[in-house]
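Peer 1: Attaching a predicted model along with its sequence, questions to come.
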Amino acid sequence: PLFFAARSSKRFEFLPLLNSQSQTRSACNEWHKPFCHRNVLLYSLQQNIHLEPVLRDILDQFPFPIRGFHSDNGSEFINDTVSGLLKELLIEQTKSRPRRSNDNGLVESKNGAVIRKHMNYGYIAAAHAPDIHSFYRQWFNPYLNFHRPCGQPERIVNEKGKEKYVYRRYATPWEVLRSLTSALPQDQSYLKPTTSIASLDQTANAYSDTKSAQLMQKAKRKLFTGFQPKQAKRKSA
């Protein structure tokens with residue numbers, strides 16, 4: 001994918017929710033199974049209430065129409081809520097094969113180089129999900145899409161037919177999308193009808209690359225400060 005809109009995988013926007021769900025499932029192993037199933041079902045229904053609006057917002061952040069939605073086999077993606085929404089938006093849903101980690105190689109590489117680098121590996125309570133979502137939408141996603149260059153693979157085939165990829169050009173996702181869109185005839189575009197190159201250029205030029213990174217880091221520090229538990233004030237003797 002050229003653009004990161006809250007990253008099209010579970011570990012970006014849904015990280016706080018999924019960690020809570022996995023811990024709930026682990027805790028259920030110590031309980032009687034019928035009791036466990038009822039509580040997990042109740043928890044899943046509560047999560048699905050928030051899943052659809054978040055997913056709609058993620059898809060809305062892409063400047064081009066989405067035709068395909070590829071994920072792993074996790075229940076956070078393979079469920080009636082996601083399936084119904086994608087059918088409504090005429091988006092094809094595909095999933096990776098079990099025990100084939102290379103199926104999502106690009107996503108996993110971004111998960112390490114982008115997500116874990118900034119959000120770390122620690123547990124984040126589900127109560128912070130709205131703050132994380134706001135941080136992604138306002139600061140993190142614009143920084144990734146408009147101000148963070150990444151290597152563009154170029155395929156080279158030698159005389160023996162052996163392929164290899166070299167990275168001679170570095171560009172932001174928006175620069176790549178802009179060049180592809182500008183190369184089309186005037187009556188064609190990769191962008192949504194409500195989006196234009198001029199409007200996206202305005203977003204890209206609002207801050208320099210350095211300034212955008214500084215603002216993102218400042219917002220991230222503020223976000224992580226809110227994760228720390230509040231210490232109760234000691235009563236004076």
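Peer 2: Looks like it arrived, so ask away. Residues are numbered from 1 along each chain as shown.

Peer 1: where's the nearest residue to residue 118 once chain neighbours are set aside, which helix or strand?
Peer 2: Excluding the flanking residues, the one nearest residue 118 by Cβ to Cβ, 6 or more residues apart in numbering is residue 220, at 6.5 Å. (Glycine included, C-beta is placed from N, CA and C.) Assigned by DSSP states H and E, residue 220 belongs to helix 209-227.

Peer 1: And for residue 142?
Peer 2: In this structure, residue 142 sits in helix 141-146 according to DSSP H and E.

Peer 1: tell me the mean pLDDT over the helix holding residue 220?
Peer 2: Mean pLDDT, helix 209-227: 94.

Peer 1: Can you give me the buried ones in that helix?
Peer 2: Using 16 or more other Cβ atoms under 10 Å as the test for burial, helix 209-227 gives 212, 215-216, 219-220, 223-224.

Peer 1: Mind giving me the packing neighbours of it?
Peer 2: Under the contact definition 3 or more Cβ pairs under 8 Å, 6 or more residues apart in numbering; DSSP states H and E, helix 209-227 sits against helix 129-135, helix 141-146.

Peer 1: and the last one, what other elements does it pack with?
Peer 2: This means helix 141-146. Right, helix 141-146 is packed against helix 173-182, helix 197-204, helix 209-227 by 3+ Cβ pairs under 8 Å, 6+ apart.

Peer 1: Format those as a markdown table; extra columns: distance to residue 165.
Peer 2: A markdown table is the format used below for those (distance: least, Cβ to Cβ, whole Å):
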| stretch | distance to residue 165 |
| --- | --- |
| helix 173-182 | 15 |
| helix 197-204 | 27 |
| helix 209-227 | 25 |
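
Peer 1: just so I know, which of those helices lies nearest residue 120?
Peer 2: Smallest distance to residue 120 across the helices and strands packed on helix 141-146 (Cβ to Cβ): 8.6 Å, for helix 209-227.

Peer 1: how close does residue 155 sit to residue 166?
Peer 2: Residue 155 sits 8 Å away from residue 166, going by Cβ to Cβ, to the nearest Å.

Peer 1: Any regions of the chain where pLDDT drops low?
Peer 2: Scanning the chain for pLDDT under 70 picks out the ranges 1-49, 230-237.

Peer 1: which residues in the chain form helices?
Peer 2: All helices of the chain, identified by DSSP state H, fall at 10-13, 15-28, 33-61, 80-88, 105-110, 117-119, 129-135, 141-146, 173-182, 197-204, 209-227.

Peer 1: With just CA atoms, put the fourth one into PDB.
Peer 2: Once side chains and other backbone atoms are set aside, the C-alpha atoms of helix 80-88 remain, and they are given as PDB (Å, rounded to 0.1, in the frame of the first residue of the first chain):
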ATOM      1  CA  ASP A  80     -19.900 -10.100  10.500                       C
ATOM      2  CA  THR A  81     -19.200  -6.400  11.300                       C
ATOM      3  CA  VAL A  82     -16.200  -6.100   9.000                       C
ATOM      4  CA  SER A  83     -17.700  -8.300   6.300                       C
ATOM      5  CA  GLY A  84     -20.900  -6.400   6.200                       C
ATOM      6  CA  LEU A  85     -19.200  -3.000   6.000                       C
ATOM      7  CA  LEU A  86     -16.900  -4.100   3.200                       C
ATOM      8  CA  LYS A  87     -19.800  -5.500   1.200                       C
ATOM      9  CA  GLU A  88     -21.700  -2.200   1.700                       C
END
